[in-house]
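A.B. asks: Based on what follows, work out the 3D shape:
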Amino acid sequence: MMIAAIALCAAVLWMQADLFNEHEYTLIIVNRNPIDLANALLIAIVSVTCISFLVEIALWLSNCVDDCCFQFAILFRFVFILVTAILVIIFNVQLSAFANKEEMKDSMYSSLQRYQGEFLTNPDSMAWNLVQMKYEVCGVNGPGDYTKTPWYKFRTVDYKVVPFTCCIGIVDVYHIDLPRYGAWPEKVYPLVRLNPNSDRIINQCYNMQDPMNPKKRKVMEKGALNPVYDDLTSDYTHNFPLIVLVVFILVCQIAVLIISIAACVTHRKAAKIVAAEMTRQEIEERNRRRQK
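C.D. replies: Numbering: from 1, shown residues only. This next block holds a predicted model:
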């Protein structure tokens with residue numbers, strides 16, 4: 001049971017870490033407070049489960065099998081089930097809060113205001129460049145969002161109305177590497193590079209931008225809000241294996257509680273039989289002594 005519990009907890013943590021790594025930069029531009037809290041709660045659920053199993057095994061190995069020990073084990077398990085259930089409820093509430101589209105939109109607009117350019121490696125700039133290429137989008141609701149940003153106000157050339165990470169085909173010539181260094185926690189040092197033939201695509205993108213004729217644009221017209229919202233909420237709030245694993249942890253806790261109660265009842269019955277047998281033997285011994 002203990003090995004299964006540890007394997008289960010490791011699977012949950014691996015799945016949570018895998019989800020976070022997949023959306024590491026995407027999460028920068030959205031409201032991360034609920035998802036950060038949900039991740040912390042998930043770790044707490046796993047920790048509570050591991051600790052409870054370890055303590056219970058220590059109880060059984062201590063050769064303490066009297067009624068007090070059984071009562072403590074049952075109370076201990078009940079408290080841990082209650083704590084786990086509360087954590088699971090809060091975990092799901094936080095994931096539901098994460099799926100608030102209006103809050104996500106506000107967070108994305110706020111992040112876009114901190115965008116500084118295609119070659120800068122501050123978190124918001126990196127996140128937007130990666131998101132725009134990954135989802136083939138531009139801005140929150142569309143390219144026009146950049147006209148309301150400090151980046152647009154201080155851009156170096158007038159024809160550059162959007163970053164070139166919004167250009168169609170830019171994914172073939174613009175690359176962001178995310179090498180990781182050091183032991184945990186690893187540090188990431190982003191590296192931006194352009195292919196030699198990038199000028200052709202970038203110049204074509206900007207030269208064909210015509211405010212009077214949007215059809216000639218070589219810019220991605222779709223905004224990031226809907227694709228990012230659908231992707232993140234699908235992975236985090238509708239992730240069936242993750243929810244099943246968390247619920248299974250709770251079921252394991254309840255199963256062990258039932259086993260503990262059954263063991264306690266069996267022990268009490270055995271203790272009564274032993275006590276009755278000892279009483280019978282004592283009575284027989286007394287009768288023998290009287291007969292002598």
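A.B. asks: any idea what sits nearest Gln204, other than its immediate chain neighbours?
C.D. replies: Spatial nearest neighbour of Gln204, excluding adjacent residues (C-beta to C-beta, 6 or more residues apart in numbering): Lys218 at 5.9 Å. From N, CA and C alone the C-beta is placed, and that goes for glycine too.
A.B. asks: And that neighbour, what's its pLDDT?
C.D. replies: Lys218 carries a pLDDT value of 79.
A.B. asks: That one and Gln132: what is the separation?
C.D. replies: As judged by C-beta to C-beta, to the nearest Å, Lys218 and Gln132 stand 14 Å apart.
A.B. asks: which of these two has more neighbours?
C.D. replies: Applying other C-beta atoms under 10 Å to Lys218 and Gln132 shows that Gln132 carries more neighbours, namely 24 against 17.
A.B. asks: which secondary structure element contains that one?
C.D. replies: helix 123-134 (DSSP states H and E).
A.B. asks: For that helix, give me every contacting residue.
C.D. replies: For helix 123-134, the external contacting residues (C-beta atoms under 8 Å, 6 or more residues apart in numbering) are 25-26, 28-29, 111-112, 114-118, 120, 137-138, 163, 165-166, 170-171, 174, 176, 190, 192, 220, 224, 228.
A.B. asks: From those, list just the buried residues.
C.D. replies: Among those, those buried by neighbour count (16 or more other C-beta atoms under 10 Å) are 25-26, 28-29, 111-112, 114-118, 137-138, 163, 165-166, 170, 174, 176, 190, 192, 220, 224, 228.
A.B. asks: if you look at these, which of them are in helices?
C.D. replies: Using DSSP state H, the subset of those located in helices is 111-112, 228.
A.B. asks: just those residues now: which is nearest Thr84?
C.D. replies: Closest approach to Thr84 among those (C-beta to C-beta): Val228, at 31.6 Å.
A.B. asks: among the buried ones among the contacts of helix 123-134, which are in strands?
C.D. replies: Taking DSSP state E, the ones among those that sit in strands are 174, 176, 192.
A.B. asks: remind me which residues of the stretch 151-292 of the chain are low pLDDT?
C.D. replies: Within the stretch 151-292 of the chain, the stretches with pLDDT under 70 are 180-188, 208-217, 237-240, 242, 267, 291-292.
A.B. asks: ugh, wrong one, the stretch 1-150 of the chain
C.D. replies: For the stretch 1-150 of the chain, the ranges with pLDDT under 70 are 1-22, 52-53, 55-74, 76-77.
A.B. asks: And the helices in it?
C.D. replies: Using DSSP state H, counting those that start in this stretch, the helices of the stretch 1-150 of the chain run over 2-22, 33-61, 67-98, 101-112, 123-134, 150-153.
A.B. asks: re the thing from before, just the ones in strands among the buried ones among the contacts of helix 123-134 now: which is nearest Leu257?
C.D. replies: Closest to Leu257, out of all of these and judged by C-beta to C-beta, is Ile176, at 50.0 Å.
A.B. asks: in the sheet, who's paired with that closest one?
C.D. replies: Val192 (DSSP bridges).
A.B. asks: thought it was touching Pro190?
C.D. replies: Yes. Shown here, Ile176 and Pro190 form a contact pair, counting by C-beta atoms under 8 Å, at 6.0 Å.
A.B. asks: Asn31 against Glu102, yeah?
C.D. replies: No. If you go by C-beta under 8 Å, Asn31 and Glu102 don't touch, sitting 10.1 Å apart.
A.B. asks: which residues touch Asn287?
C.D. replies: Contacts of Asn287 (C-beta under 8 Å, 6+ apart): none.
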